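**Student:** Have a look; sequence and predicted model below, questions after that.
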Amino acid sequence: MSQQRVRHRRTDQITVLSIHYYTIAIFLYEIALSDAIETERYGTHPFARLDMLHACLKSVRRLFDEVHTISSSEWYNIPYTTWSVVGHAIVVLSRLSLYKASGWNEDYNRSSIDFATIVDALIHKFELERNHLWIEDGDMGGTSPKGGVPPQVFLMLSAKLQNIKAAQEAKYAAQIEDLGETIGSFCPNPATAFMGDDLGLTPSTALFDFFDDNLWPQFA
């Protein structure tokens with residue numbers, strides 16, 4: 001193994017640790033999305049819940065910043081557990097993007113870390129790393145593997161992420177339409193605004209759980 005590859009691997013190991021560090025923060029702060037917690041549990045500080053929501057959003061943003069620093073040589077060697085927490089971060093970000101409550105400026109927060117932008121960046125990264133493994137084959141007029149063929153599950157991921165983004169945009173559009181009909185109304189249960197059975201998502205959904213083909217017709 002070359003010295004450069006060793007350096008990349010060490011750097012990526014630190015990145016994976018950082019991803020799990022921010023995951024712990026997300027798990028701690030996302031409790032503020034739940035309406036099952038009584039207001040009194042937040043103490044006397046009137047903005048405690050909002051502080052937790054912003055801290056959760058900040059942790060999600062930093063987690064995805066770390067994901068995009070993973071080197072090409074190690075992209076397909078990242079453990080399944082890491083991809084699982086990335087999937088959880090996607091779900092939490094969707095909930096934060098659709099959350100509505102007094103004092104929570106969803107437009108500002110959506111501009112701070114836009115769901116569609118994050119998903120598009122992930123799709124681009126997966127496509128980029130997949131192409132990194134292939135070279136143009138001038139003799140055959142196609143492509144041939146340069147550094148190996150990525151696992152089959154990754155070949156499906158871009159399309160699945162597109163479906164996730166489309167589902168999020170549909171839910172947001174429906175939310176806007178509902179608000180237009182009833183000005184000032186809030187989601188009856190904002191903690192589960194994007195967790196309904198109509199979208200097939202649960203708070204514990206992991207990235208690779210999105211690969212069940214029986215799930216995707218529900219988004220049509």
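**Tutor:** Alright, I've got the coordinates. Because the structure is a prediction, the values reported are computed rather than measured. Numbers count the residues shown, from 1 in each chain.

**Student:** Count the neighbours of the nearest residue to Thr11 once chain neighbours are set aside for me.
**Tutor:** Using CB to CB, 6 or more residues apart in numbering and skipping residues adjacent in sequence, the residue nearest Thr11 is Ser71, 6.9 Å away. C-betas here are computed from N, CA, C, even on glycine. Taking other CB atoms under 10 Å as the criterion, the count of residues near Ser71 is 16.

**Student:** Ser71: which element?
**Tutor:** Following DSSP states H and E, there is no helix or strand that holds Ser71.

**Student:** My guess is it contacts Gln13. True?
**Tutor:** No. Assessed by CB atoms under 8 Å, Ser71 is found out of contact with Gln13, at 10.9 Å.

**Student:** Which parts of the chain are strands?
**Tutor:** For the chain, strands defined by DSSP state E occupy the ranges 134-137, 142-145.

**Student:** These: lowest mean pLDDT?
**Tutor:** Of all those, the minimum mean pLDDT falls on strand 142-145 (a mean of 46).

**Student:** And for Glu40, the neighbour number?
**Tutor:** Look at Glu40: counted by other CB under 10 Å, it has 7 neighbours.

**Student:** Contacts only, for it.
**Tutor:** Residues near Glu40 by CB atoms under 8 Å, 6 or more residues apart in numbering: none.

**Student:** By mean pLDDT, which helix or strand of the chain comes out lowest?
**Tutor:** strand 142-145 (a mean of 46; mean pLDDT, DSSP states H and E).

**Student:** Where does pLDDT dip in the protein?
**Tutor:** Along the chain, the model assigns pLDDT under 70 to residues 1-9, 44, 46, 133-150, 179-220.

**Student:** for it, what's the longest helix?
**Tutor:** For the chain, the longest helix by residue count, based on DSSP state H, is helix 3-29.

**Student:** That helix - contacts with which helices or strands?
**Tutor:** Applying 3 or more CB pairs under 8 Å, 6 or more residues apart in numbering; DSSP states H and E, one finds that helix 3-29 makes contact with helix 48-67, helix 80-98.

**Student:** Tell me how many other residues crowd Ala166.
**Tutor:** The tally of other residues near Ala166 (other CB under 10 Å) stands at 14.

**Student:** Repeat that for Pro151.
**Tutor:** Pro151 has 10 neighbours, counted by other CB under 10 Å.

**Student:** Chain neighbours aside, what residue packs nearest to it?
**Tutor:** Excluding its sequence neighbours, the residue lying closest to Pro151 (CB to CB, 6+ apart) is Tyr76, at 6.5 Å.
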